[in-house]
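Participant: I need the structure of the sequence given here:
(chains A, B and C)
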Amino acid sequence: MSLQRRFVRTVLGFGALTFVTLLLAPLVGPTPIDIRRVFDFSIPFADNTDAQIFFIARLPRTLAGATVGALFAAAGVVFQGLLRNALATPFTLGVSTGAALGAVLAISFNWSIAVLGISAVPVAAFAGSLAAVAIVYALAQARHRGLSTTVLLLAGVTMNAFFSAMILFVQYFASFADVYRTLRWLMGDLDISSYQPLVASVPAIAIAFAVFAWLARPLNLLSLGPESADSRGLDVTRAQRAAFLSASLATGAAVTIGGPIGFIGIIIPHLVRLLVGPDHRLVLPAAALFGAAFLVACDVVARTIFAPVELPVGIITAMIGGPFFLWLLIRRR
Amino acid sequence: MLSAAGVWFGYVEEKPVLRGVTISVPRGGLVGILGPNGSGKTTLLRLLAGTRHPQRGVVTLDGAPLSGLSRGALARRMAVVPQETQLAFDYTVAEVAMMGRYAHLGPFEIEGPSDIAVVDETLASTGTLHLKDRPFATLSGGEKQRVVIATALAQVFRVSSSLRLKAEATPPDPTGATHPDPCSFRLQPEDAAGYLLLDEPTASLDLGYQLEVAALLKRLHEERGVAIVISTHDLALAGSLCERVLLIRDGEVVAEGTADEALTPANVRKVYGVDVDIVRHASGRRVLVPTGRSEPGSA
Amino acid sequence: MATYKKALVPFLAAALLCLVAATRAVSTFPNSEIPKSPPSRIISLVPAVTEMLYAIGAGPRVVAVSSYDTYPPEVKKLPTVGALLDPNVERILSLKPDLVVVYGSQDDLKQQLSKAGVGIFDYRHAGLPDVTATIRALGDRTGDAARARDLASAIERGLDAIRARVKDRPRPRTLLVFGRERLSLRGIYASGGIGFLDDMLAVAGGTNVFADMKLQAVQASTEQILASRPEVILETRAANSAFPAGERQAELSVWKALASVPAVRNGRLHFLFDDRIVIPGPRIVEGTTAMARALHPEVFQ
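Facilitator: As a prediction, the model looks like this:
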């Protein structure tokens, strides 16, 4: 089958799955709502609890889940292609720990700035992720002409450890309630309760996905190893830079919206490769769509399984992801 | 003509790996670069491929310095076959070979029927078309090397307009049951300008696969006029395969010429520090028989 | 494949071991063995109990407190010895206490103290009745039993008085928030249907909207808040976490996004930055009164 037809089939297949999930998810929740009342615009919005639940609570939450899921899954694909390692995740290179440090600082020092209608914690998380990317990138650049993925990996892992230590340091002086809030932030939360975080992240997401689209074929070539990729006509350093920066941007945006929700970036790329093969031109769109559907579904489970109490969505993804990861380890000979 | 003139190169500038090497590979030529480990063979190959640039001297392709050519333009003219290829993900043979077409496509262009025809043809010419849908990782070492050679061929394969039209008029059978007759894709003379640069193509292979790959290279060279440069420390391979050989030691050329001219006992002793006798085999081929070890560099 | 399965066995065994070790750690410490003589050097790691110690007259014998203690003002002059998560055992022992008030979860500390022969008073946050029960037990332990009983009864009477004042008032459905992100409705923590805050709300004449969630702290989602339709929203924090005066209006207006919530529509949002509410100590009557005043302003002019 030609690639065009496989591409169309992949996008239509996963697109349909995502579409149905997005359509159904806002209808499900711990509170029963009357869907006719939701769209009855003769009732003033301020008086219409059903509409408020739908438009203020569930719809932004569903869209946040879709966005974050798509970003993590696609960023996972790109990081795995860049590092040529199928076990890499969006969190391997320090971006999310940098974001976590930002969030922890904002929580512990009770910062009360708001940028573009976004409160201090997400703003600090995004700043933290950018700082982490800059540091890791500078380190990988300094030791090598071009970009060394080995140094990138070492720098990323080191910065992960360092930022974690910083988090513990800040935590040590934080009040008990702040420590608890931090812990909760680390479990992920998609209840964004307004559209502002999504709107504000549109530029970052647009840039990341545009670069991903260009990266699909270079990532295939990188799979051969940098030297072979170079002699096939790929500017390897440029591709690696683009991959690192765009995937980091995507990860930073996702962590900013929903917190560091684990395992999406590794479960989804693997499942997708099993279904569509390793060609990144199919894997990237499929992973983004499937990741969106998967996280939205996980969030539906998180908010209904123990209703009225809600579970953090990160717990659901971890419950699925942990065993999946083990299975993956056993399966890889 | 691919040539390097007096090139110097060092990964660390104070420690040059190549010191004023000159080599030229004519169109359709078959040249071997010979030398012991660490003599600079692989580095010279990298300079010829344009992945590294000389600090002194110049590498030119048909008179144009490589540093002035775009990566894509270079990739369409020559392809490198590394010693070993390990993939990060489970691509099929066809997908690997298709990566050879990268430099022929625009940023968002998808391979067309002509690219598929080229890949089928190069796989057929390396005897790997039947492996097309197999995962690359499951192949034997020899099969892998042949597939990578097919990829390199697909990379330098320029599709003439007549061929493009023909391939698009008759798309290959999607079942793959029949493949286009290789004869219908004979290279046109102007397409024969491709260069394959192979780094120790047989070093990691068993004897049987070594012969297989050597035979394939010879056939590609003779039947299709592909220019081939190989780096090797295998005197027998170079002696039987190459039209011309370049002997290097410590980054300097020791001898250059046809195999008969260059592979003399004196030169071999100089480069490898090994005494050899030259024997004529019943097949008419020269065979170098090592007889003992001497100080390298002594005449 | 087979080798990996084999390799998993020790891993699983180790995991199992960790599990066993974790369950074993829940050990039992007798709360207060009958003392031979009242303690003369007391250290309190629990601000609520520090307040109780001073209130029952044991204050002069307190030699050190936790790093979170601020009340009564006398404690600010005392040395601090860490807190819930970071008790400094060395400093505690160097002060030669004969009674240390610890949290129930501080198992390591308790083990170390009992090895050193230091008496322990074990404390856990629980409901409102536990506050007076703790005061009485504390009095028995420190030899101030009579004053402790008087204090406990006074508190119980105070709470009863509040109950009586709001008895015939409608009980508004109340959302009791004790934490959220600044300038946003994310990460909202509210009181569930157990714990002293929930009990105080009941005494003060409110109905907790999350009464059916048997948790002390509920992370309330936007949907839960919209669906529970609170008539009053009380935001309570420790005094040192109060919003600066200039930001109170901005913090109030973040709630406007939830326009269908009656409390938002009717402007029944209150900030109560009051240690007397969030510390379940002897000032709990005043704290509950503050809550009741916000819920029933007409009664508490």
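Participant: quick one: the helices in chain A?
Facilitator: Taking DSSP state H as the test, the helices found in chain A are A:3-24, A:35-38, A:49-52, A:59-83, A:95-108, A:120-142, A:149-173, A:176-186, A:196-222, A:226-231, A:236-258, A:264-276, A:280-304, A:313-331.
Participant: Show me which residues of the stretch 151-300 of chain A are close to chain B?
Facilitator: Residues of the stretch 151-300 of chain A lying close to chain B (CB under 8 Å from any CB of the partner chain) are A:213-214, A:217, A:220-225, A:227-228, A:230-235, A:273, A:277-279, A:281. Every residue, glycine included, has its C-beta placed from N, CA and C.
Participant: tell me, which of those make contact with chain C?
Facilitator: Among these, proximity to chain C is found for none (CB under 8 Å from any CB).
Participant: In terms of pLDDT, where does residue 102 sit?
Facilitator: I went with chain A, as the question did not name one. pLDDT recorded at residue A:102 is 92.
Participant: try chain B instead
Facilitator: Per the predicted model, pLDDT is 91 at residue B:102.
Participant: OK, contacts around it?
Facilitator: When contacts are counted by CB atoms under 8 Å, 6 or more residues apart in numbering or on different chains, residue B:102 touches A:217, A:221, A:232-234, B:75, B:155.
Participant: again, 7 Å this time
Facilitator: A:217, A:221, A:232-234 (CB atoms under 7 Å, 6 or more residues apart in numbering or on different chains).
Participant: Closest to chain C out of these?
Facilitator: residue A:221 (31.3 Å; CB to the nearest CB).
Participant: Next one: the nearest residue to that closest one once chain neighbours are set aside from chain C, what distance?
Facilitator: Nearest residue to residue A:221, sequence neighbours excluded (CB to CB, 6 or more residues apart in numbering or on different chains): residue A:229, at 4.0 Å. Relative to chain C, residue A:229 is positioned 31 Å away (CB to the nearest CB, to the nearest Å).
Participant: swap in residue A:149?
Facilitator: Residue A:149 sits 27 Å away from chain C, taking CB to the nearest CB as the criterion.
Participant: correct me, but the residue nearest to residue A:221 touches residue A:219?
Facilitator: No. Look at residue A:229 against residue A:219 with CB atoms under 7 Å: they stay out of range, at 9.5 Å.
Participant: returning to that earlier point: generate a ChimeraX selection restricted to the buried subset of the residues of the stretch 151-300 of chain A next to chain B.
Facilitator: Of these, the buried ones go into a single ChimeraX selection, burial set by 16 or more other CB atoms under 10 Å in any protein chain shown:
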select /A:217,220,221,222,223,224,225,228,230,231,232,233,234,235,273,277,278,279,281
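Participant: what's the burial count for residue A:176?
Facilitator: Residues near residue A:176, counting by other CB atoms under 10 Å in any protein chain shown, number 11.
Participant: Where does the closest residue to it other than its chain neighbours sit: helix, strand or coil?
Facilitator: Counting by CB to CB, 6+ apart, residue C:84 is the residue found nearest to residue A:176 once chain neighbours are left out, at 5.8 Å. Per DSSP: H, G, I helix; E, B strand; the rest coil, the local secondary structure of residue C:84 is coil.
Participant: next one: the one 3 residues further on
Facilitator: With three-state DSSP as the basis, the three-state label of residue C:87 is coil.
Participant: where does it sit relative to chain B, distance-wise?
Facilitator: From residue C:87 across to chain B, the span is 50 Å (CB to the nearest CB).
Participant: And the residue nearest to that residue when sequence neighbours are not counted, which helix or strand is it part of?
Facilitator: Of all residues not flanking residue C:87 in the chain, residue C:109 sits nearest, at 4.9 Å (CB to CB, 6+ apart). Secondary structure from DSSP states H and E places residue C:109 in helix C:107-115.
Participant: what's the answer for residue C:219, then?
Facilitator: Assigned by DSSP H and E, residue C:219 falls in strand C:217-220.
Participant: Equivalent analysis for residue B:57, please.
Facilitator: For residue B:57, the element it lies in under DSSP H and E is strand B:56-61.
Participant: ok, the helix or strand just after that strand: who's next to it in the sheet?
Facilitator: Sequence order places strand B:64-65 as the next helix or strand after strand B:56-61, per DSSP H and E. In the sheet containing strand B:64-65, the strands it pairs with under DSSP bridges are strand B:56-61 (antiparallel).
Participant: And the contacts of the partner strand?
Facilitator: B:2-8, B:20, B:47-48, B:50, B:65-66, B:69, B:77.
Participant: ok, now with 10 Å
Facilitator: By CB atoms under 10 Å, 6 or more residues apart in numbering or on different chains, the residues outside strand B:56-61 that reach it are B:1-9, B:16, B:18-25, B:44, B:47-50, B:52-53, B:65-69, B:73-74, B:77-78, B:193, B:195.
Participant: Give me the buried subset of these.
Facilitator: B:2-4, B:7-9, B:16, B:18-19, B:21, B:23, B:25, B:44, B:47-50, B:52, B:66, B:69, B:74, B:77-78, B:193, B:195.
Participant: These in helices, which ones?
Facilitator: Using DSSP H, the subset of these located in helices is B:44, B:47-49, B:74, B:77.
Participant: distance of the residue of the stretch 101-250 of chain C found nearest chain B from chain A?
Facilitator: Taking CB to the nearest CB, chain B has its nearest neighbour within the stretch 101-250 of chain C at residue C:186, 38.2 Å off. Distance of residue C:186 to chain A, given as CB to the nearest CB: 6 Å.
Participant: same thing with residue B:106?
Facilitator: Separation of residue B:106 from chain A (CB to the nearest CB): 10 Å.
Participant: Can you report how many residues neighbour that residue?
Facilitator: Neighbours around residue B:106, by other CB under 10 Å: 6.
Participant: Phi, psi for it please.
Facilitator: Torsion angles at residue B:106 (phi, psi; degrees, to the nearest 10) stand at phi -70, psi 170.
Participant: quick one: pLDDT of the closest residue to residue C:72 other than its chain neighbours?
Facilitator: Computed as CB to CB, 6+ apart, the closest residue to residue C:72 that is not its neighbour in sequence is residue C:54, at 5.1 Å. Note on residue C:54: pLDDT of 96.
Participant: Let me see the contact set for residue C:54.
Facilitator: Contacts for residue C:54 were tallied using CB under 10 Å, 6+ apart; they are C:44, C:60, C:62, C:71-72, C:74-75, C:281-282.
Participant: With only the CA atoms kept, save the helix or strand where it lies in PDB.
Facilitator: Assigning secondary structure by DSSP H and E places residue C:54 in helix C:47-55. The C-alpha trace of helix C:47-55 is given here as PDB (Å, rounded to 0.1, in the frame of the first residue of the first chain):
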ATOM      1  CA  PRO C  47       1.200  24.200  67.600                       C
ATOM      2  CA  ALA C  48      -2.300  23.200  68.700                       C
ATOM      3  CA  VAL C  49      -0.900  21.300  71.700                       C
ATOM      4  CA  THR C  50       1.500  24.200  72.500                       C
ATOM      5  CA  GLU C  51      -1.500  26.500  72.900                       C
ATOM      6  CA  MET C  52      -3.200  23.900  75.100                       C
ATOM      7  CA  LEU C  53      -0.100  23.600  77.300                       C
ATOM      8  CA  TYR C  54      -0.100  27.300  77.900                       C
ATOM      9  CA  ALA C  55      -3.900  27.400  78.400                       C
END
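Participant: which sections of the stretch 101-250 of chain A are below the confidence cut-off?
Facilitator: Scanning the stretch 101-250 of chain A for pLDDT under 70 picks out the ranges A:117, A:143-146.
Participant: phi, psi of residue B:111?
Facilitator: According to degrees, to the nearest 10, residue B:111 has phi -60, psi 130.
Participant: Isn't it up against residue A:6?
Facilitator: No. Counting by CB atoms under 10 Å, residue B:111 stays clear of residue A:6, with 11.7 Å between them.
Participant: These two: who's more crowded?
Facilitator: Between residue B:111 and residue A:6, residue B:111 has the larger neighbour count (other CB under 10 Å), namely 18 against 15.
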